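In: Got a predicted structure here, sequence first:
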Amino acid sequence: MLDILSEVLLFGLAAALALPVGRYLARVYGNEPTWLDPVLVPLERAFYRLAGLSPTAPMRWPRYVGALLGINAVWLLWALVVLLLQDHLPFGNPDHIPAMTPSQALHTAVSFLTSTNAQHYAGETGAAYFTQLVVFTFLQFVSAGTSLAAGLAVVRALGREDKTGNVGNFYQDLVRSCVRVLLPLCLVFSVLFVVGGVPMTWEGAAQHTTLEGAASTVARGPVAAMLAIKELGSNGGGFFGPNDAHPFENPTFFTFALHHLAVLLLPMAFIVMLGYYLRRPRFAALLFAVMTAGLLLLAAPAVWLEQRGTPALTALGLYPAAGGTQLEGKEVRFGVVPTASYAALNMAIPAGTIAGAQDSYVPLAQVPFMLLMQIDAFFGGVGTGFLNMFIYVVIAAFIASLMVGRSPELLGKKVEAPEMQAATLVAVAQPVVVLASAALAAWVWASTPQADTTLKWLGNPGAHGFSAMLYELISAASGNGSGFGSLGSNTTFWNLLPCLAMLSGRFVPLIGALLIAAGLLTKTAVPPSAGAIRLDSATFGVLLLVVIGILGALLFFPALTLGPLAEFFGGR
């Protein structure tokens with residue numbers, strides 16, 4: 001009971017902190033003064049001067065998207081060069097870590113560029129300090145800044161009318177998000193992590209002698225600087241391979257609480273910012289309530305199922321009376337409920353910074369985990385969670401308007417064929433890519449003679465193996481990055497296949513949402529009339545949840561029957 005109470009309190013504390021942070025975001029993006037301006041505004045202007053950018057130049061949506069894609073291409077090239085040449089770095093590699101293979105470098109670069117942070121390498125032995133900071137931490141900052149910029153552009157379009165189609169300036173939105181939002185928050189959380197015992201050093205691995213007298217090498221490095229942005233930016237790539245299960249990334253319950261707060265803070269604060277920015281607090285409150293309800297409806301069953309344990313292990317007497325649950329694959333310092341709850345949060349918010357082994361959860365718990373990743377709108381990633389919810393809102397508003405015999409509209413603006421076509425394309429693109437990729441992987445395994453000795457992907461080629469492949473691809477497309485340990489992911493096939501899912505899952509929703517918002521931007525908002533659909537009503541909230549359930553869940557039900565559901569019924 002205390003475990004559940006602690007999780008509820010942490011969620012409530014994150015929501016309480018989101019209120020002032022959301023108000024701060026609204027002031028920053030609304031060009032209102034803040035108390036940090038004397039320090040951060042000169043730094044922001046220095047970036048513009050250094051890059052030769054005009055932060056006030058207007059951009060229509062094609063130019064905005066072009067700037068976004070262009071600079072992301074530059075970042076991808078930078079990451080590839082460093083990853084392929086890190087063994088030749090003159091500094092920042094005290095442990096002489098070798099370069100990555102081409103396929104692993106491509107997967108890692110795309111993964112961090114798209115805020116997925118799937119790691120087909122062990123963080124402490126696969127990447128030099130220089131790489132960890134100037135590639136991984138840098139990409140974690142700018143990918144989160146890109147997400148915030150795209151989300152802001154959509155919010156800005158919803159709140160005004162501009163016949164020229166000016167959605168803002170991408171470079172201003174990006175730099176402002178990185179300098180005036182992410183940087184100060186990361187400084188605060190980095191210091192708190194150091195206080196909690198997280199290492200922050202440029203020294204190489206430490207050599208120790210164990211109690212048995214054996215020599216031991218203990219990895220360390222500039223960990224605290226990376227932890228803050230990996231959580232605040234919904235990134236998830238850890239300094240160490242075990243991620244938040246590693247005692248240097250998560251030494252105490254104090255740091256575990258910091259991880260909870262950091263991963264929830266900005267996705268929640270963005271919704272609060274929306275209410276202030278649009279001057280529609282009731283609409284923001286409705287979105288917050290729908291997101292909370294959706295998260296609870298999927299997270300609670302996962303935690304409950306995990307508490308019950310696995311019947312087969314219980315029959316063998318592996319149900320410890322002291323803990324009341326099976327701790328295999330869980331963070332034993334905190335227990336099953338905190339481990340499973342934290343995993344559920346990191347499925348909803350695609351940071352993927354889990355503190356347990358995904359392979360070890362009961363089969364039925366994998367169903368809500370995969371659905372939380374696939375939906376990616378119950379708070380979701382920084383900025384991108386709102387973009388995914390925006391797509392669902394457009395579709396739900398269209399359906400609601402037709403049900404009452406009115407022309408579809410959203411916040412007083414007509415929703416016409418181009419907007420609905422874009423929303424529908426975005427809604428089905430990710431499932432199509434994921435399911436087609438999973439089908440390809442299953443076909444390759446099934447059609448390869450003696451695949452268990454030639455391909456060596458799967459430690460368990462049955463239903464659990466299909467779950468591992470499906471999970472890997474859903475995780476890639478949703479920008480989550482977590483995975484099953486039983487999938488041999490560091491192979492050429494699995495380094496390359498998820499790249500398409502990561503790129504489509506990242507950029508299709510961003511571009512689609514910007515296209516829809518640009519169409520709405522040029523339309524004149526009309527005052528609500530009698531019979532109009534109120535987007536801040538409880539009725540619309542229920543309809544929105546139903547639409548999310550149909551589009552986000554039922555599309556994957558056939559695949560889920562072949563994976564976790566088949567494993568559950570097969571083990572009874």
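Out: Cool, the structure landed. Everything quoted here is computed from the prediction, not taken from an experiment.

In: switch to C-alpha atoms for all contacts and neighbour counts from now on
Out: Fine.

In: CA atoms of stretch 188-205 as PDB?
Out: Taking Å, rounded to 0.1, in the frame of the first residue of the first chain, the C-alpha atoms of stretch 188-205 are listed here in PDB:
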ATOM      1  CA  VAL A 188      18.900  22.200 -11.400                       C
ATOM      2  CA  PHE A 189      18.300  18.400 -11.900                       C
ATOM      3  CA  SER A 190      22.000  17.700 -12.600                       C
ATOM      4  CA  VAL A 191      23.000  19.300  -9.300                       C
ATOM      5  CA  LEU A 192      20.300  17.400  -7.500                       C
ATOM      6  CA  PHE A 193      21.500  14.100  -9.100                       C
ATOM      7  CA  VAL A 194      25.100  14.900  -7.900                       C
ATOM      8  CA  VAL A 195      23.800  15.600  -4.400                       C
ATOM      9  CA  GLY A 196      22.000  12.200  -4.600                       C
ATOM     10  CA  GLY A 197      25.300  10.400  -5.300                       C
ATOM     11  CA  VAL A 198      25.400  10.300  -9.100                       C
ATOM     12  CA  PRO A 199      29.000  10.500 -10.400                       C
ATOM     13  CA  MET A 200      30.200  13.500 -12.400                       C
ATOM     14  CA  THR A 201      33.800  13.100 -13.400                       C
ATOM     15  CA  TRP A 202      36.100  13.000 -16.400                       C
ATOM     16  CA  GLU A 203      38.400  10.400 -14.900                       C
ATOM     17  CA  GLY A 204      38.500   7.000 -16.400                       C
ATOM     18  CA  ALA A 205      37.300   3.700 -14.900                       C
END
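
In: Quick one: mean pLDDT over that stretch.
Out: Model confidence over stretch 188-205, given as mean pLDDT, is 89.

In: which other residues reach it?
Out: 92, 94-95, 129, 217-225, 227-228, 248-252, 254-255, 258, 262 (C-alpha atoms under 8 Å, 6 or more residues apart in numbering).

In: Looking at those, which are in helices?
Out: Tyr129, Val223, Ala224, Ala225, Leu227, Ala228, Phe254, Thr255, Leu258, Ala262 (DSSP state H).

In: And the furthest pair within those?
Out: The distance between the two most remote of the ones in helices among the contacts of stretch 188-205 (C-alpha to C-alpha) is 25.9 Å, for Tyr129 and Phe254.

In: quick one: which of the two has more around it?
Out: More crowded of Tyr129 and Phe254, by other C-alpha atoms under 10 Å: Tyr129, with 27 against 15.

In: residues contacting the closest residue to that one other than its chain neighbours?
Out: The shortest distance from Tyr129 to any non-neighbouring residue, by C-alpha to C-alpha, 6 or more residues apart in numbering, is to Gly92 (5.1 Å). Contact analysis of Gly92 by C-alpha under 8 Å, 6+ apart lists Ala128, Tyr129, Phe130, Thr131, Trp202.

In: which residues sit against the helix or strand hosting Val142?
Out: Using DSSP states H and E, the element containing Val142 is helix 138-158. With contact meaning C-alpha under 8 Å, 6+ apart, helix 138-158 is reached by 29, 68, 75, 112-115, 167-168, 170, 173-175, 177-178, 182, 229-230, 233-235, 274, 277-278, 382-384, 386-387, 411, 510, 513-514, 517-518, 520-521.

In: if we go to 7 Å?
Out: 112-115, 167-168, 170, 173-174, 177-178, 229-230, 233, 235, 274, 382-384, 386-387, 510, 513-514, 517-518, 520-521 (C-alpha atoms under 7 Å, 6 or more residues apart in numbering).

In: Show the subsequent helix or strand relative to it.
Out: Next in sequence after helix 138-158, counting helices and strands by DSSP H and E, comes strand 166-168.

In: Residues in contact with that next one: which ones?
Out: Against strand 166-168 from outside (C-alpha under 7 Å, 6+ apart): Pro58, Met59, Arg60, Trp61, Ala153, Ala157, Ala518.

In: Might you list the low-confidence residue ranges for the stretch 251-400 of the chain?
Out: 311-314, 317-325 (pLDDT under 70).

In: try 50
Out: 321-323 (pLDDT under 50).

In: And the helices in it?
Out: Here the stretch 251-400 of the chain has its helices, by DSSP state H, counting those that start in this stretch, at 253-278, 281-308, 311-315, 336-348, 363-375, 384-403.

In: which residues sit against the fifth one?
Out: Contacts to helix 363-375, defined as C-alpha under 7 Å, 6+ apart, come from residues 298-299, 302, 305-306, 344, 347-348, 350, 471, 474-475, 478, 552-553, 560, 564-565, 567-568.

In: now with 6 Å?
Out: Residues from elsewhere that reach helix 363-375 (C-alpha atoms under 6 Å, 6 or more residues apart in numbering): Leu298, Ala302, Met347, Ala348, Ser478, Gly552, Pro564, Phe568.

In: Run the angle between it and helix 384-403 for me.
Out: 80 degrees (axes from the mean of the first three to the mean of the last three C-alpha atoms, to 10 degrees).

In: ok so, going back, could you identify the most distant pair in the contacts of Gly92?
Out: The distance between the two most remote of the contacts of Gly92 (C-alpha to C-alpha) is 12.6 Å, for Thr131 and Trp202.

In: Neighbours of Asn31, how many?
Out: Other residues lying near Asn31 total 9 when counted by other C-alpha under 10 Å.

In: Correct me if wrong, but it is in a helix.
Out: No. Asn31 is assigned coil when assessed by DSSP: H, G, I helix; E, B strand; the rest coil, not a helix.

In: ok, so what distance separates it from Leu265?
Out: Asn31 sits 22 Å away from Leu265 when distances are taken as C-alpha to C-alpha, to the nearest Å.

In: if we can go back for a sec, so the helix holding Val142 versus helix 253-278, what angle?
Out: Going by the same axes, to 10 degrees, helix 138-158 is angled at 30 degrees with respect to helix 253-278.

In: how about the strands in this protein?
Out: Ranges of strands in the chain, per DSSP state E, are 59-60, 166-168, 206-209, 215-218, 409-410, 413-414.

In: Reformat those strands as CSV; add distance to Val393 and mean neighbour count.
Out: Converted to CSV, those look like this (distance: least, C-alpha to C-alpha, whole Å; neighbours: other C-alpha atoms under 10 Å):
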stretch, distance to Val393, mean neighbour count
strand 59-60, 23, 18
strand 166-168, 20, 24
strand 206-209, 52, 11
strand 215-218, 49, 11
strand 409-410, 8, 20
strand 413-414, 13, 19
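
In: Ser6: which of the ones you listed is closest?
Out: Minimum separation from Ser6 across those (C-alpha to C-alpha) falls at strand 215-218, 31.9 Å.

In: The closest one pairs with which strands, and in what direction?
Out: strand 206-209 (antiparallel) (DSSP bridges).

In: Can you list phi and psi of the nearest residue to Ala468 once chain neighbours are set aside for me?
Out: Leaving aside its chain neighbours, Ala468 sits nearest to Phe484 (5.5 Å; criterion: C-alpha to C-alpha, 6+ apart). Note on Phe484: its backbone torsions stand at phi -80, psi 130 [degrees, to the nearest 10].

In: OK, contacts around Phe484?
Out: Contacts of Phe484 (C-alpha under 6 Å, 6+ apart): Gln358, Asp359, Ala468.

In: Count the residues that sit near Tyr121.
Out: When neighbours are counted by other C-alpha under 10 Å, Tyr121 registers 17.

In: Same question for Pro449.
Out: 11.

In: Which residues are in contact with it?
Out: Pro449 touches nothing, counting by C-alpha under 6 Å, 6+ apart.

In: how far away is it from Trp457?
Out: 13 Å.

In: cool, and Val41?
Out: To Trp457, Val41 is 50 Å away according to C-alpha to C-alpha.

In: Neighbour count for the two, which is higher?
Out: Trp457 (22 against 14).

In: shouldn't that one be in contact with Thr491?
Out: No. Contact between Trp457 and Thr491 fails when scored by C-alpha atoms under 6 Å: they sit 8.0 Å apart.

In: related to what we said a few turns ago, which of the contacts of strand 166-168 ranks first by neighbour count?
Out: When those are compared by neighbour count (other C-alpha under 10 Å), Ala518 ends up highest, at 27 neighbours.

In: All good on my end, thank you.
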